[in-house]
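> One predicted model, sequence on top.
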Amino acid sequence: MRQPIAQLTMFEVVFSQTLLLKKIVDAVKEINDTVSIDVSPTEISIQTMDSSRVSLVTLSLRADSFGDKFNCDHPLTLGVNLKTLAKLLRTASNDDQTTLRAEDESNTLIVVIESPKEGKISSFELKLMDLNNEPLAVYDTDAKATVKLSSAEFSHICRDLGTIGDTVVISVQKENISFSVNGEELSGNMSLQPSDAVDNSDDSVSIEVDEPIEQSFALRFLNMFTKATPLSPNVILSLSPDQPFCIEYQIEDAGHIKYFLAPKIEDVE
Amino acid sequence: MRQPIAQLTMFEVVFSQTLLLKKIVDAVKEINDTVSIDVSPTEISIQTMDSSRVSLVTLSLRADSFGDKFNCDHPLTLGVNLKTLAKLLRTASNDDQTTLRAEDESNTLIVVIESPKEGKISSFELKLMDLNNEPLAVYDTDAKATVKLSSAEFSHICRDLGTIGDTVVISVQKENISFSVNGEELSGNMSLQPSDAVDNSDDSVSIEVDEPIEQSFALRFLNMFTKATPLSPNVILSLSPDQPFCIEYQIEDAGHIKYFLAPKIEDVE
Amino acid sequence: MRQPIAQLTMFEVVFSQTLLLKKIVDAVKEINDTVSIDVSPTEISIQTMDSSRVSLVTLSLRADSFGDKFNCDHPLTLGVNLKTLAKLLRTASNDDQTTLRAEDESNTLIVVIESPKEGKISSFELKLMDLNNEPLAVYDTDAKATVKLSSAEFSHICRDLGTIGDTVVISVQKENISFSVNGEELSGNMSLQPSDAVDNSDDSVSIEVDEPIEQSFALRFLNMFTKATPLSPNVILSLSPDQPFCIEYQIEDAGHIKYFLAPKIEDVE
């Protein structure tokens, strides 16, 4: 029987597979490596902008997805250096169990990594930081065009086009989604057609369009967002006129990570 | 039925496996990254020297090896930056199909990469360059000594000896081919014996000698030539007095790439 | 029948697997790349300190472990640059056979690498050096605490803690061995429990303690010593008050390599 957690503990969560936590930290730290993690009785969430304040990332993990391995008495904000947390997590094997624990009066995050079959226990104390948290704008996500495709394919396209130029023009219509870039010596266009509805594998492409749309984006940011690729086999791209581009990765059945990026006005045709 | 290619198209070739094209580009760009590709109704060919004008590479691919996937009305010279072409080809999977297309009045090379099962099409426009083409000397290849060996073994020997010194002495006689190098702290000699004629595998060594020969070469160049190793399991080395060393890789049944390098006079014994 | 070795040969040894020799050279050259190799009719041995003269490594390989593939008439000291020897050994495949040979009147070490199935023979001459050999202190190894654990686990712990801080506190008691480090933002502790005596696999941990002990060491040196990890599945750690820490790797049934490191006085609690 599981012992009740001591009263001093305000927040405790157990990741039964450290790999999931590693992937989440890697996906967020690419945007900003010092973040406020908001924990509450119902969820763990992060909202942060990149240093140039051009893009935004939001993360949400539902408490109930951890079963009885989540405990939080009241909301708490933890200022964490994700680079340091990532360094610490590299000492764990992917299927080790990792516990995060914070107490109300303390300024440290306790991280305990257990690989029971080896009889090895590692425990770390990570100093918490005071971070200024400004409220961030919340975006409406009623998209005019939504495309679901393989996250690995999206990552390859952004990486490949990023070697040709700085700006990608994404164009969505019923028949396809295309990604174009113009460089000095070389210009390129990559186009994906929707797959048959029957073939619902991870490599399939589905497109929903209320109205065709074409917008330009800085590839530098897209190539930061694709660090979330290991979290999900698919990515959902949502585009709307006068709205930030939303790139969403679902995190198993536990939540999601969403990146938002404003279109480049000057480049839009 | 295949549609006839539009009249404006002067040159079109389809590589059913992009991997072969990648290997060819890698093998030539090591010597010179801006080259004139000569296309004619019968072949695709390249002749170029390295920037120090010490070594020469010639490539030849027969038109008929592409079957009906080759079309060229009249000779055309395409000035291509192979670095840019290599970058573009990295976006393709090895078994994607790549089409190269050039039109008479245009100053671009069109590259279309298709991976049909994914419903993805990429098309690129690569700006062509005006290059000054001097006619290059053609070498007689009536060799006094010819050695056929594993291309991987030749590559290893050149790489290993290149860590010891700058100059290799290659010596061929009936009994063996030997590679020697003298460094400050260390000198080394590697010797290969011909294998039994029965064992005709890729690792076998065969030696044909009219007269024993010993010549010295700069390892720096040999280590550039071995970038062609992925093109063929074997390499053919041809040596003659007062003739450049010829290093030949056959490209499946489609053609060959040959590198030529003058011996170092001062080092020959 | 094996031919008697020519009289001029004073020392010859054959490593039937070059891999073992590679691992030994890598494990020693990390500490000092110019060493005196002492050969005698009974063993091959090396004793050397690192350049800061803080740590010591001793290697011993018994002559009889080589069977009839060892020949040494009288003691000889060979001043060898291990970096050069390692470079040379990289030209060998792991299962090639390597012969080391030195003659009395010569100032070179002959290294012959044979891969008989390929008909390839490489021979190298490595220039020997005159090195000043001071006699080094010999350490008593009557340890108060001895821990045997997986060499890979020890290597991971040293590497992981080295990313957090410079100094590790190693603490051994009956129940466990623990490794602690304190950094600016992060402190960590890794603890291993002894495994059941039954489970005598390479991953098992065994602890023998006369008296509990706690000492501090510079992780920089431990991370040099763990270059010997490929030599053995286990490592034996021996600690005593007022004695250098001894880290021992057994080399199959042929000998051992031992590293010695003085505790950091200022950090011991």
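Structure received. Numbers count the residues shown, from 1 in each chain, chains lettered A, B, ... in the order given.
> got the buried residues for stretch A:148-164?
A:148-158, A:160-164 (16 or more other CB atoms under 10 Å in any protein chain shown). C-betas here are computed from N, CA, C, even on glycine.
> List of residues touching it?
Contact partners of stretch A:148-164, identified using CB atoms under 8 Å, 6 or more residues apart in numbering or on different chains, comprise A:168, A:177, A:179, A:181-183, A:186-188, A:190, A:192, A:202-206, A:219-220, A:222-223, A:226, A:228-229, A:231-237, A:249, B:87-88, B:90-91, B:118, B:120.
> pLDDT on it, on average?
Stretch A:148-164 carries an average pLDDT of 96.
> could you pull out the strands for the stretch 101-250 of chain A?
A:108-115, A:120-127, A:145-150, A:167-173, A:176-182, A:186-192, A:206-209, A:213-218, A:234-239, A:245-251 (DSSP state E, counting those that start in this stretch).
> In contact with A:Glu118, which residues?
A:Glu118 makes contact with C:153, C:192, C:203, according to CB under 8 Å, 6+ apart.
> For the second one, give the beta-bridge partners.
Per DSSP bridges, residues listed as beta-bridge partners of C:Leu192: A:Lys120, C:Ile177.
> burial count for it?
22 (other CB atoms under 10 Å in any protein chain shown).
> ok, now the last one?
Using other CB under 10 Å, C:Asp203 has 16 neighbouring residues.
> and it, what does it touch?
Contacts of C:Asp203 (CB under 8 Å, 6+ apart): A:118, C:150, C:153, C:195.
> Tell me the pLDDT of A:Glu118.
pLDDT recorded at A:Glu118 is 71.
> Then A:Asp267?
46.
> Closest to chain A out of the contacts of A:Glu118?
Nearest to chain A out of the contacts of A:Glu118 is C:Leu192 (CB to the nearest CB; 5.2 Å).
> The closest one contacts C:Ile170, correct?
No: with contact defined as CB atoms under 8 Å, C:Leu192 does not count as touching C:Ile170 (11.0 Å).
> Quick check: neighbours shared by those two?
Here C:Leu192 and C:Ile170 have C:177-178 as joint contacts, going by CB under 8 Å, 6+ apart.
> Could you pull up phi and psi at A:Ser52?
With angles defined as degrees, to the nearest 10, A:Ser52 sits at phi -90, psi 0.
> count of residues packed around it?
By other CB under 10 Å, 9 other residues sit near A:Ser52.
> List the buried residues in stretch A:86-101.
Within stretch A:86-101, the residues that count as buried by 16+ other CB under 10 Å are A:86-89, A:91-92, A:96-101.
> same thing with stretch A:101-116?
Residues A:101-103, A:108-114 are the ones in stretch A:101-116 that count as buried (16+ other CB under 10 Å).
> okay if I get these as JSON lines plus distance to A:Ser36?
What follows is the buried residues of stretch A:101-116, written out as JSON lines (distance: CB to CB, whole Å):
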{"residue": "A:Arg101", "distance to A:Ser36": "17"}
{"residue": "A:Ala102", "distance to A:Ser36": "13"}
{"residue": "A:Glu103", "distance to A:Ser36": "17"}
{"residue": "A:Thr108", "distance to A:Ser36": "16"}
{"residue": "A:Leu109", "distance to A:Ser36": "12"}
{"residue": "A:Ile110", "distance to A:Ser36": "18"}
{"residue": "A:Val111", "distance to A:Ser36": "17"}
{"residue": "A:Val112", "distance to A:Ser36": "22"}
{"residue": "A:Ile113", "distance to A:Ser36": "23"}
{"residue": "A:Glu114", "distance to A:Ser36": "27"}
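> quick one on the thing from earlier: between the buried residues of stretch A:86-101, which is nearest chain C?
Within the buried residues of stretch A:86-101, the smallest distance to chain C is 3.9 Å, found for A:Thr91 (CB to the nearest CB).
> ok, the closest one - contacts?
Contact analysis of A:Thr91 by CB under 8 Å, 6+ apart lists A:113, A:122, C:156, C:160, C:188, C:190.
> Give me the secondary structure label for it.
coil (DSSP: H, G, I helix; E, B strand; the rest coil).
> Now the terminal residues of stretch A:85-97, how far apart.
15 Å (CA to CA, to the nearest Å).
> and that stretch, how far from the chain's centre?
Counting by CA atoms, centre = their mean, to the nearest Å, stretch A:85-97 is centred 18 Å from the centre of its parent chain.
> now stretch A:213-230
12 Å.
> again, but for stretch A:118-129
24 Å.
> same check, this time on stretch A:162-176
22 Å.
> Then stretch A:64-78?
From the chain centre to the centre of stretch A:64-78 is a distance of 20 Å (CA atoms, centre = their mean).
> Can you tell me what sits against it?
Residues outside stretch A:64-78 that contact it (CB under 8 Å, 6+ apart) are A:2, A:5, A:9-14, A:16, A:36-42, A:63, A:102, A:104, A:109, A:128, A:133, A:252-255.
> Among these, which ones lie close to chain B?
Among the contacts of stretch A:64-78, none lies close to chain B by the criterion of CB under 8 Å from any CB of the partner chain.
> Please indicate which of these are buried?
Buried members of the contacts of stretch A:64-78, counted by 16+ other CB under 10 Å: A:9-14, A:36-39, A:63, A:102, A:109, A:128, A:254-255.
> just to revisit the earlier point, would you convert the strands of the stretch 101-250 of chain A into TSV that also reports distance to B:Pro244?
TSV is the format used below for these (distance: least, CB to CB, whole Å):
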stretch	distance to B:Pro244
strand A:108-115	61
strand A:120-127	62
strand A:145-150	50
strand A:167-173	47
strand A:176-182	43
strand A:186-192	35
strand A:206-209	58
strand A:213-218	50
strand A:234-239	54
strand A:245-251	56
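> Per-residue confidence at A:Ser204, what does it come out as?
87.
> helices or strands up against whichever strand or helix holds A:His256?
Take DSSP states H and E as the rule and A:His256 turns out to sit in strand A:255-261. Secondary-structure packing of strand A:255-261 (3 or more CB pairs under 8 Å, 6 or more residues apart in numbering or on different chains; DSSP states H and E): helix A:18-29, strand A:55-62, helix A:219-225, strand A:245-251.
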